[in-house]
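Undergrad: Pasting a predicted model and its sequence here:
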Amino acid sequence: MLALLVASLVLGNKPFDDTKGSFTFEKLDVPDSTSTEWDGINTQGDIVGFFVDKSGKQHGVLDQKGKFTQLDYPGGSQTRTVGINNQGEIVGSFTDSSGAQRALIYRNGVYAQFNYPGATSTMALGVNDAHEIVGKFTGKDGKTHGFLKRAAAFTQLDFPGGSDTSAFCINNRSEIGGSFNDASGAQQAFIRRGKTYMQLKPPGAITSVAYGLNVHGNVVGSFTDSASAGSGFFEVAGKFTQLNFPGASSTDSNGINSELRIVGDYFDSNKVEHGYVAKPD
């Protein structure tokens with residue numbers, strides 16, 4: 001078996017560029033929702049995420065140029081749709097009748113589910129055009145591990161030397177992004193290219209996570225600094241740009257497409273969660 005390599009992309013001594021004017025943010029909430037989060041966007045601009053309705057129920061949602069389609073796994077509850085590829089295939093998770101989380105796939109109007117073998121819970125978090133799916137599962141040991149699913153074959157993903165690995169995204173070059181916990185227990189972002197894991201550390205970050213990855217290798221995610229302030233980030237070729245929705249108390253950047261359209265969520269001063277779309281100027 002080939003040894004897994006670990007590299008580090010740590011630019012903690014370099015400041016963020018001034019991002020004023022770099023991206024234009026637009027608030028995007030599901031109508032009549034009490035909270036909205038957007039997580040994935042494809043080349044066509046189709047966006048997936050999830051929302052909470054006025055009765056407190058959580059649903060998946062697909063936005064196609066302003067047309068919102070509610071997504072609920074049949075017979076399940078608490079549906080979360082978070083990943084979409086350029087063919088419109090959607091992945092996510094739902095809660096079954098026993099209260100366990102199961103991974104879902106939504107393709108051509110048909111739902112299917114799967115579970116990592118032997119897992120007590122499974123969440124699908126990203127999908128590419130080759131139908132490769134990544135996500136995370138909880139094993140019988142109670143620990144969180146990432147996974148890669150190719151057809152019926154599963155591969156467990158664990159950041160070397162870390163714990164609680166989650167794989168949030170995969171692009172069409174089969175590069176994977178996610179997070180792990182370091183020796184101190186802090187969450188840290190990573191990218192896996194081939195067999196090599198690389199830690200990503202935005203400047204000033206105490207914790208971080210990589211949520212989105214496009215075909216160009218551009219990464220988006222979120223981080224917290226020493227003041228516990230939460231911000232999104234955009235990374236290209238080792239250069240980080242901080243992303244903050246104007247006036248927000250915290251911002252997450254969750255998905256990015258090949259046109260550098262970014263989707264995510266933010267919390268306002270009243271701690272209400274809203275969705276957004278950001279476009280480069």
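TA: Cool, got the structure. Residues are numbered from 1 along each chain as shown.
Undergrad: Let me know the helix or strand that Arg192 is in.
TA: If you go by DSSP states H and E, Arg192 is part of strand 187-193.
Undergrad: model confidence over that strand, on average?
TA: Summarised as a single mean, pLDDT over strand 187-193 is 98.
Undergrad: List phi and psi for Ala248.
TA: Dihedral pair for Ala248: phi -80, psi 150, per degrees, to the nearest 10.
Undergrad: swap in the one 4 residues further on?
TA: In this entry, Asp252 is assigned phi and psi values of phi -120, psi 140 (degrees, to the nearest 10).
Undergrad: can you count the residues close to it?
TA: 27 (other CB atoms under 10 Å). C-beta: built from backbone N, CA, C; applies to glycine.
Undergrad: Now do the contacts for His274.
TA: Applying CB atoms under 8 Å, 6 or more residues apart in numbering, we find His274 in contact with Lys27, Leu28, Asp29, Ser35, Thr36, Phe245, Asp265, Tyr266, Phe267, Asp268.
Undergrad: Mind checking which of these are buried?
TA: Buried by 16 or more other CB atoms under 10 Å: Leu28, Asp29, Ser35, Thr36, Phe245, Asp265, Tyr266, Phe267, out of these.
Undergrad: Same list as before, these that is, but in TSV and with pLDDT, secondary structure and distance to Asp252 included.
TA: Converted to TSV, the buried ones among the contacts of His274 look like this (pLDDT from 0 to 100; DSSP: H, G, I helix; E, B strand; the rest coil; distance: CB to CB, whole Å):
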residue	pLDDT	secondary structure	distance to Asp252
Leu28	98	coil	14
Asp29	98	coil	15
Ser35	98	strand	13
Thr36	98	strand	12
Phe245	97	coil	9
Asp265	98	strand	5
Tyr266	98	strand	7
Phe267	98	strand	9
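Undergrad: between those residues, which is closest to Met123?
TA: Using CB to CB, the shortest approach to Met123 within the buried ones among the contacts of His274 belongs to Asp265, at 17.3 Å.
Undergrad: Quick check: chain neighbours aside, which residue is closest to the closest one?
TA: Spatially, and ignoring its direct neighbours in sequence, Asp265 is nearest to Glu37 (4.2 Å; CB to CB, 6 or more residues apart in numbering).
Undergrad: so where's the stretch 151-281 of the chain uncertain?
TA: Counting by pLDDT under 70, not a single residue of the stretch 151-281 of the chain qualifies.
Undergrad: Quick one: the helices in it, in order.
TA: With DSSP state H, counting those that start in this stretch as the criterion, the stretch 151-281 of the chain has no helices.
Undergrad: what sits against the residue nearest to the spatial centre of the chain?
TA: The structure's the chain has its C-alpha centroid closest to Tyr211; by CA atoms, centre = their mean the separation is 3.4 Å. The neighbourhood of Tyr211, defined by CB under 8 Å, 6+ apart, consists of Asp39, Phe168, Cys169, Gly177, Val220, Gly221, Ser222, Asp252, Ser253, Asn254, Gly255, Gly264.
Undergrad: Format the CA atom coordinates belonging to the strand holding Arg192 as CSV.
TA: This file holds the C-alpha atoms of strand 187-193, laid out as CSV (Å, rounded to 0.1, in the frame of the first residue of the first chain):
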residue,chain,number,x,y,z
GLN,A,187,-10.5,21.9,13.7
GLN,A,188,-8.2,22.5,10.7
ALA,A,189,-8.9,22.7,7.0
PHE,A,190,-7.2,20.3,4.5
ILE,A,191,-7.0,19.5,0.8
ARG,A,192,-6.2,16.0,-0.5
ARG,A,193,-4.6,15.8,-4.0
